[in-house]
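Trainee: sequence and predicted structure, then a few things I'm wondering about:
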Amino acid sequence: MGHGKLWREAARAGVRWGITGGVVGFAVSLLGALAGIIAAGFVGVFCGRRVARSAVGGDHPSEGAAAGLAGGAVAMPLFVVGSAAGALVSASSLGSRRIAATLSDATGMELGPGEAWQIFLLSVALAAFFEAVIFMVSSCIAGAMACRKDRS
């Protein structure tokens, strides 16, 4: 398999699953960051499986893993941005005063709205990092699994 075909197919499937994943990540992250982290695994699996089947079509797991990795590299930023946007929309509807009150009750420390917003933004960045890692790993593994030989 040529690298040109791999990257063409990876870009095509990655953009498709990235856009789909961005919308799914946005909608799911309205429920919370944990939901976005869980959705990253599922969307990564679907992306990796699709790009491996379309780009490789063979029986070599290493080629499938490379295809999944390439497709995940294209789709992952779109998913993470959509998921982060969903979390920010959800938090803005709550308001920084309500977030501060909740964090103050949970930690027992008095936090102002500005400090609470900074902590929230830090948590969104941490969730985005975990989503990116989970998306890439699941995409790579799914690509390898899609191209393995059935030994039955």
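Mentor: Looks like it came in fine.

Trainee: look up how far residue 119 lies from the residue positioned nearest the centre of the chain.
Mentor: By CA atoms, centre = their mean, the chain has its centre lying nearest to residue 40, at 3.6 Å. In this view, residue 40 and residue 119 are 22 Å apart by CB to CB, to the nearest Å. Using the backbone N, CA and C atoms, a C-beta is placed for each residue, glycine as well.

Trainee: what's the weakest-modelled helix or strand in this protein?
Mentor: When each helix and strand of the chain is scored by mean pLDDT, DSSP states H and E, helix 96-107 comes last, with a mean of 82.

Trainee: would you mark the buried spots in that helix?
Mentor: Under the neighbour-count criterion of 16 or more other CB atoms under 10 Å, helix 96-107 has 96, 99, 100, 103 buried.

Trainee: before we move on, what about stretch 31-38?
Mentor: Buried residues in stretch 31-38, counted by 16+ other CB under 10 Å: 33, 35, 36, 37.

Trainee: among those residues, which one has the lowest pLDDT?
Mentor: pLDDT across those is at its lowest for residue 33, which sits at 84.

Trainee: which residues touch the nearest residue to that one once chain neighbours are set aside?
Mentor: With sequence-adjacent residues excluded and distances taken as CB to CB, 6 or more residues apart in numbering, residue 33 is closest to residue 127, at 3.8 Å. When contacts are counted by CB atoms under 8 Å, 6 or more residues apart in numbering, residue 127 touches 33, 34, 36, 37, 83, 84, 87.
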